[in-house]
Structure formats: structure tokens, C-alpha cells
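J.: let's see this in three dimensions:
(4 chains)
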Number of protein chains: 2
Amino acid sequence: MLVVDDEASIRRALRINLTARDYTVHVAEDGRSGLRSAASHRPDVVILDLGLPDMDGVEVIRGLRGWSQSPIIVLSAREREHDKVDALDAGADDYVTKPFGMDELLARLRAATRRAMSAAADEPVVATEHFTVELAAKRVTDVTGREIRLTPTEWEIVELLVRNDGRLVSSRQILTQVWGEGYQAETHYLRVYLAQIRRKLEPDSSRPRYFRTEPGMGYRFVSSG
Amino acid sequence: MLVVDDEASIRRALRINLTARDYTVHVAEDGRSGLRSAASHRPDVVILDLGLPDMDGVEVIRGLRGWSQSPIIVLSAREREHDKVDALDAGADDYVTKPFGMDELLARLRAATRRAMSAAADEPVVATEHFTVELAAKRVTDVTGREIRLTPTEWEIVELLVRNDGRLVSSRQILTQVWGEGYQAETHYLRVYLAQIRRKLEPDSSRPRYFRTEPGMGYRFVSSG
DNA sequence: TTGCGGCGTAAGGAAAACGTCAAGATCGCC
DNA sequence: GGCGATCTTGACGTTTTCCTTACGCCGCAA
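T.: As a prediction, this is how the structure comes out:
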């Protein structure tokens, strides 16, 4: 958790309150050091004051959103609607007007982290012990870095499952997403393709570890455990 | 998109503004019809006024969160911090105080849908001392993090009971929801499946702690106490 | 005690879902 | 047209789930 605010009293109040609730808190007093701290500590939430001395708050949001998907909660004395709109559209997750109550802030924090929990599936790269899936590049590589070739259909299934790491994806969902609306009954396709995917990616394709079958329900990719 | 508000002028203003921006808008003027509309139309966003004539707004949020993960934006004239905290903790995604500007609302709407898109599902989790149920992922894990496998029927029963944490669910309700209309007499199915569920999840299956029998009535899941 | 109704447990065969192999059918490209 | 890669389709064996039957326990009332 990173708090960026130029008012020392607010930094202090937040650090005390948040530390008491078991957050690990880093603080910064201007935009530049805030961005630097974010880059090194990779906070899972950012609380950001818009009225910073060195740069415009919206620029800080853009700087963060360049590489991070962590929730950003904006704190600001400005009531003007225009400011809120700009901040939210730049990628902020919430906007709280000063003066604010600590309970409200904590509640909004809970709401934001609750939402962000599964947003981790957005990560462009999912790595396992045996292979790595690069979603953006549409590539799967060996543990040695060698590319594993997937056919277009295989890739679509892998991508869908990997994007839902840990979550069960129903057979119908895979079929509609990959083949289209009219194919919800063709569960046989899935069996054939999952077999191919497993042959290419699983260390022991007869005992799947990553692409698991949940009989009667669907399939589930698990990257760890 | 569903708008639930008892003020006709607000319903009208929102319908016009949102329709103009290519949202498909349904409206409702009280909590009960709002929940009904949500159940049939499955909106991808809900805008909800807290001050409804027939039920408490927080109850409406809970009713929606029972089955839907769509973002809920709360609209309210109440400034009290306590109200905000309750609404957010019940599962609302954002809280806008009346009177509000249309631009701000639209910005918060964009922020909410943007988040919902990547976060596809914000994951409701029910944790007990002995196991954890992740509803969105359709997964039950051990206290050590190991997965406990449930069959489709077992999962449906567990999900139904867990979603009604603390509440009594009648045998008939379980039978109709899991097997269908014509199975209300097959209470034996329940005994068989509850036994299996308990064997898998209860620390001492002969003395159930989480999946309790209410003789003559039904079953009740209690996550704590 | 005996019988009855509601509940819990165990086990086996039928049915459904799944995995595998391999042979067509398609498609795009040279 | 011919070729290779990919996608469909079919057949068959295996695994998993589901339903059913049988039986035991308990409390209660006859």
C-alpha cells in the first residue's frame, strides 16, 4: 500500500490507521517520489492526493497505469466535478473528497481490493514450473525458453483458461467463446483439444496437473499448487 | 443496465442520458421490482437509490450480491458516513451523493464497468475454520490450501447453502433448485448427498458443525459459531 | 416392546462424461 | 492440383457420477 500526499498530517493519520489494520504502508510526499516508490515496492493499492506540489495528479495516475493495475483511490480537496471525471477516466478506481472519514476510506479500500483480487488474471504473463504463457504475445514457451507451437483453436482454449487462472470455466463457456453460440453441445471437441493441449504442455499428459478436468462442470487451469 | 429509484424525475433523467450513450436501460421504482427485474434481465450494471419506499437499500444490495457480481453504484441523499460504509461493505462498488452531476455519474459508471470487465468476477469467498468456499471459482479448499473436489450435484447443494449462510434452506427448495420441479418428494437424495458433503468437508462428519440438519425442515449452513 | 417416520451410512450397477486413437474433411498456400 | 497443417468426426475403452437398494440408528407413540 502506498500513500502519496503532501500534507504531513494526513500521511501520518493514514499510516497509523492503516498499519493498525495490517497493511504494509509506504508513504511519499510528491508525485515523483510516489512513482519511484511504486515502481520499487509494487504496492497493491495506491492512495493518491491530487494536489501535489510537483506534478498534476492525473499525470501520476497515468504514470501508474502505464504498468500497474493496482487500484488507485484518489483523495482530493477539489469538489469540482470536472476533476473527478478526469481522475476516474485516467484510470483511478475511486474518488474521495477531503475532508473524509477514516471509516469511509477504509470501506472504499475494502471495496477496491475486493474487486482487484481477481484482476490479477490480467497479467500478461503466467508462468508455471514447466511452461510460460505470454498472453500479449500469444506465445507459450518451454522451461528452456523454446517456443511450443499451438494451433489457433488450442491457443484460444489455453488463453481462456489461463486468463481464469484457478477459476472453473464451464464447457459451455469454452464452446461458445471459441466456436460460437451454436456449438454448446459439441463437448467432444473439448475432449479432443484438451488432449492435444495436455500432450504439448503437461509434464505427464495422462495425469494432468495444470489443465484439470472437473467432470460434469468444465475445466480449470491452475498455475500453482 | 438497471436503474432503481423511486423519484420519477431521476429515473427519467437517467434513462434519457444513458440510452443516449447506448446503454440498454431498465428501470424500477422500488426494491422488490428492482430485484425481480435484475433476476430476469441480468443487467451488467445496477444504479441503486438507497432511499426506497419498500425495503432498505442495503437489503437490496445483499439480494443482488446473492447471485450477481455486476457492479452496483449506489445513489443516495444521505451524507452520513455510516450509510456509505454499510453500502460498500454489503457489496456496492461505488457511492454517489445526491445531488450529483451527470458527468460524474457517467465517469464512475465507466470506471465501474472498466473494472468489471477485467475483473470479470469479483470473487465471493466464504471461509470457515476448516475450509474455504470460493463461489466464483467453484472451488473448495482445505485449510492447507489443497483442493477438495466436489461433484456437480454436491457443489450445487453446497453453493445454495453457502449463499444462504446462516439461513435455513428447506428441503423442497434444495430439491427444486438442484434436481427440478418434479423431485420435491425425493428427500432421500438429500440425505445421501449431505452425507457425502459432510464426509468431505466436516471435521467430524458424524457431528456436523457447518452443514446442520433442521429436522423436518431442511438444512442450514453456518460459517461461524 | 413393537412399529413407524425421519435421518444417516454404505455399496454396487447403470448411465453419463471423459480420454484416446485414428481416419476423413477442410482450408490455405505453394 | 498437390501438400501440410488444422479441424471435424467416429469408435471404443476408461473414469466419474448418479441413482437405487439395503440396512442401522434414534425418538416417539401406540
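J.: so residue A:134 touches residue A:125, yeah?
T.: Yes - the pair residue A:134 / residue A:125 is scored as a contact, 5.3 Å apart, by C-beta atoms under 8 Å. Bear in mind the C-beta positions are built from the backbone N, C-alpha and C, glycine included.
J.: what comes into contact with stretch A:146-159?
T.: With contacts defined as C-beta atoms under 8 Å, 6 or more residues apart in numbering or on different chains, stretch A:146-159 is touched by A:131, A:133, A:135, A:138-142, A:174, A:177-178, A:190, A:193-194, A:196-197, A:200-201, A:221.
J.: among these, name the buried ones.
T.: The neighbour-count criterion (16 or more other C-beta atoms under 10 Å in any protein chain shown) marks A:131, A:133, A:135, A:140, A:174, A:178, A:190, A:193-194, A:196-197, A:200-201, A:221 among the contacts of stretch A:146-159 as buried.
J.: in helices, which of the contacts of stretch A:146-159 appear?
T.: Within these, residues falling in helices by DSSP state H are A:174, A:177, A:178, A:190, A:193, A:194, A:196, A:197, A:200, A:201.
J.: assess the claim that residue A:25 and residue A:1 are in contact.
T.: Yes - assessed by C-beta under 8 Å, residue A:25 is found in contact with residue A:1 at 5.2 Å.
J.: list the residues that contact both of those two?
T.: In contact with both residue A:25 and residue A:1: residue A:18, using C-beta under 8 Å, 6+ apart.
J.: would you turn the buried ones among the contacts of stretch A:146-159 into TSV with pLDDT and distance to residue A:51?
T.: TSV is the format used below for the buried ones among the contacts of stretch A:146-159 (pLDDT from 0 to 100; distance: C-beta to C-beta, whole Å):
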residue	pLDDT	distance to residue A:51
A:131	94	47
A:133	93	42
A:135	86	37
A:140	94	46
A:174	92	48
A:178	90	49
A:190	97	54
A:193	97	54
A:194	98	54
A:196	97	56
A:197	97	52
A:200	96	54
A:201	96	50
A:221	97	44
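J.: for residue A:98, state which of those is nearest.
T.: Nearest to residue A:98 among these, counting by C-beta to C-beta, is residue A:135 at 38.8 Å.
J.: can you tell me the closest non-neighbouring residue to the closest one?
T.: Once flanking residues are discounted, residue A:135 sits nearest to residue A:124: 5.0 Å by C-beta to C-beta, 6 or more residues apart in numbering or on different chains.
J.: for the one you found, the count of nearby residues, please.
T.: Using other C-beta atoms under 10 Å in any protein chain shown, the number of residues around residue A:124 comes to 9.
J.: now for residue A:14: which residues touch it?
T.: The neighbourhood of residue A:14, defined by C-beta under 8 Å, 6+ apart, consists of A:3, A:5, A:25, A:27, A:47.
J.: how about the residues you listed, which pair is most distant?
T.: Among these, A:5 and A:25 lie farthest apart (C-beta to C-beta), at 11.8 Å.
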